[in-house]
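J.: Take this sequence and fold it.
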Amino acid sequence: MRPCLLAGAVFAVCMAGTTLPTPLYGLYREELGFSELIVTVVYAVYALGVIGVLLLAGDASDTLGRRPVLAWGLGFAAASAVCFLVAPHTGGGLPLLFTGRLLSGFSAGLFTGAATAYVLELAPPGGRGLATFVATAANMGGLGCGPLLAGLLARATGPDGALVWPFVVHLALLALAFAVLAALPETAGGAADRAGTGSAGEPAEPGARRLARALRPRLPHLPPGVRAVFLPAGTAAFTGFALLGVFTSVGPAFLAESLGVHDLAVTGIVAALPFFASTAGQLGVGRLGVARSLPLGCVVLVVGLGLLAGGLRTELLALVVLSTLAGGVGQGLAFRGAVATVAAAAPPEHQAGAISALFVVAYAGISVPVIGVGLLVGPLGLETAALVFIACMAVLAASAAGYLLARPLRAGT
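T.: Next comes the predicted model:
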């Protein structure tokens, strides 16, 4: 089980980098002088990087091997950390933030599928269930560790070190992750080719041809049998990711401006909670079953959105914290239920394409609504813009829940 756990640790270190800047955006605004709209655009660029990699190289590790693809992912994560580290101290501040977020998206896009498969493949016989937990915890738990680490380090080092030490520490963790990855065995694709033979002892495919085959644009394909369940599943995934996106983009600004929370450690904890709650929600799917988890997740998402609206109106931190927990659990239930539903409905030869389409919709939820909130902040103010977002997302989640309750999925789906 040790290799599986080590691979999970590498996964978590990489994913932590994608949310590391979350509690620090306010400091970047002060240093570089840009608006809340720019914060949301910088945040959303990450989703563009993820979607681009999913469409171009979502299954590249099947051809090239897990370790090379994950090594590239760690490299992109390190380059992203360097961009955020030097941005306040150079003339290219804002462009470097955009570049850092895009590279972070590349990193997450490479890791999402490859690292999950790698953790499962490294599991010992009979350890598949525990490996699934490790992969889920590493993914969402790693995302939660990012703002938590940055917030605690920002409080410990003060204003002078808040934009330095989180990225220095993350670079050190990435170096350790590189060393761990180098010691782990290969489990797929490129291992035999690099040994000089293909399958069944045939000559290896030339490296350039293998790379070209691995890196090719793939438009997601939805077979007819998937389309009936894809609409509610995609709506649930979109809404859940949109809620996470708003929590981690404009959430810190709301805590500072409306609630007077300026302690970056508290900001980091609040930003981390929905990811940890999502992990719990995803693990709950195993007990509830997919047929119940997807509509229940949509209902819990609506509850989370309602609590967030109450927190905005009353300016009570307790309600905001409860909204992060409920929203995270709802997102976890809905998203894992959505993935399982789409996977079960797709024929085996189209399963990867159908799941890729769902991930594209989910990551669009991180970018489009978040930018919409940023556009509304100027004319309406942060609180009203957030309430408009909540109303739109509540309608989507409630519609998906209503559809699924009226037309429940079969138990075997």
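J.: quick one: the helices in the stretch 101-250 of the chain?
T.: In the stretch 101-250 of the chain, helices defined by DSSP state H, counting those that start in this stretch lie at 128-136, 142-161, 165-183, 190-194, 207-214, 224-249, listed in chain order.
J.: Please identify the most buried of those.
T.: Across the helices of the stretch 101-250 of the chain, the average number of neighbours (mean count of other CB atoms under 10 Å) peaks for helix 224-249, which reaches a mean of 24. All C-beta spots, glycine's among them, are computed from the backbone N, C-alpha and C.
J.: what pLDDT does the nearest residue to Ser104 once chain neighbours are set aside get?
T.: Distances taken as CB to CB, 6 or more residues apart in numbering put Ser80 closest to Ser104, at 4.2 Å, once the chain neighbours are dropped. Listed pLDDT for Ser80 reads 95.
J.: and what of Ser249?
T.: Confidence score, pLDDT, at Ser249: 80.
J.: And for the one 10 residues further on?
T.: Leu259 is assigned 84 on the pLDDT scale.
J.: Looks to me like it is in a helix.
T.: No - secondary structure of Leu259 (DSSP: H, G, I helix; E, B strand; the rest coil): coil, not part of a helix.
J.: Next, count neighbours for it.
T.: Using other CB atoms under 10 Å, Leu259 has 16 neighbouring residues.
J.: So it is in contact with Leu317, correct?
T.: Yes - at 5.4 Å, Leu259 counts as touching Leu317 under the criterion of CB atoms under 8 Å.
J.: Same list, the helices of the stretch 101-250 of the chain, but as a markdown table with distance to Leu32 please.
T.: Compiled in a markdown table, the helices of the stretch 101-250 of the chain are given as follows (distance: least, CB to CB, whole Å):
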| stretch | distance to Leu32 |
| --- | --- |
| helix 128-136 | 36 |
| helix 142-161 | 15 |
| helix 165-183 | 16 |
| helix 190-194 | 41 |
| helix 207-214 | 38 |
| helix 224-249 | 16 |
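J.: and of the ones you listed, who's closest to Pro95?
T.: helix 165-183 (17.1 Å; CB to CB).
J.: Need the CA coordinates for the closest one. PDB is fine.
T.: Coordinates of the C-alpha atoms in helix 165-183 are reproduced here as PDB (Å, rounded to 0.1, in the frame of the first residue of the first chain):
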ATOM      1  CA  TRP A 165       6.700  31.900   1.800                       C
ATOM      2  CA  PRO A 166       3.600  30.100   0.600                       C
ATOM      3  CA  PHE A 167       5.200  29.600  -2.800                       C
ATOM      4  CA  VAL A 168       8.700  28.900  -1.400                       C
ATOM      5  CA  VAL A 169       7.300  26.100   0.700                       C
ATOM      6  CA  HIS A 170       5.200  24.800  -2.200                       C
ATOM      7  CA  LEU A 171       8.300  24.700  -4.400                       C
ATOM      8  CA  ALA A 172      10.100  22.700  -1.700                       C
ATOM      9  CA  LEU A 173       7.200  20.300  -1.500                       C
ATOM     10  CA  LEU A 174       7.200  20.000  -5.300                       C
ATOM     11  CA  ALA A 175      10.900  19.100  -5.300                       C
ATOM     12  CA  LEU A 176      10.100  16.400  -2.700                       C
ATOM     13  CA  ALA A 177       7.200  15.200  -4.900                       C
ATOM     14  CA  PHE A 178       9.600  14.900  -7.900                       C
ATOM     15  CA  ALA A 179      11.900  12.700  -5.900                       C
ATOM     16  CA  VAL A 180       9.000  10.500  -4.700                       C
ATOM     17  CA  LEU A 181       7.700  10.200  -8.200                       C
ATOM     18  CA  ALA A 182      11.100   9.200  -9.600                       C
ATOM     19  CA  ALA A 183      11.200   6.300  -7.000                       C
END
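J.: quick one: contacts of that helix?
T.: 6-7, 9-10, 13-14, 16-17, 20, 24, 67, 70-71, 74, 77-78, 81-82, 84-85, 149-150, 153-154, 156-157 (CB atoms under 8 Å, 6 or more residues apart in numbering).
J.: Stretch 313-325 too?
T.: Outside stretch 313-325, the residues touching it (CB under 8 Å, 6+ apart) are 247, 254-255, 258-259, 261, 270, 273-274, 277, 304-308, 310-312, 383, 387.
J.: Tell me where the model's unsure across the stretch 201-350 of the chain.
T.: Within the stretch 201-350 of the chain, the ranges that satisfy pLDDT under 70 run 201-221, 348-350.
J.: would you list every one of the strands in it?
T.: Assigned by DSSP state E, counting those that start in this stretch, the stretch 201-350 of the chain shows no strands.
J.: quick one: pLDDT of Ile366?
T.: Here the pLDDT value assigned to Ile366 is 83.
J.: Just to check, it is in contact with Ala44?
T.: Yes - counting by CB under 8 Å, Ala44 is a contact partner of Ile366 at 6.6 Å.
J.: Overlap in contacts, these two.
T.: Gly245.
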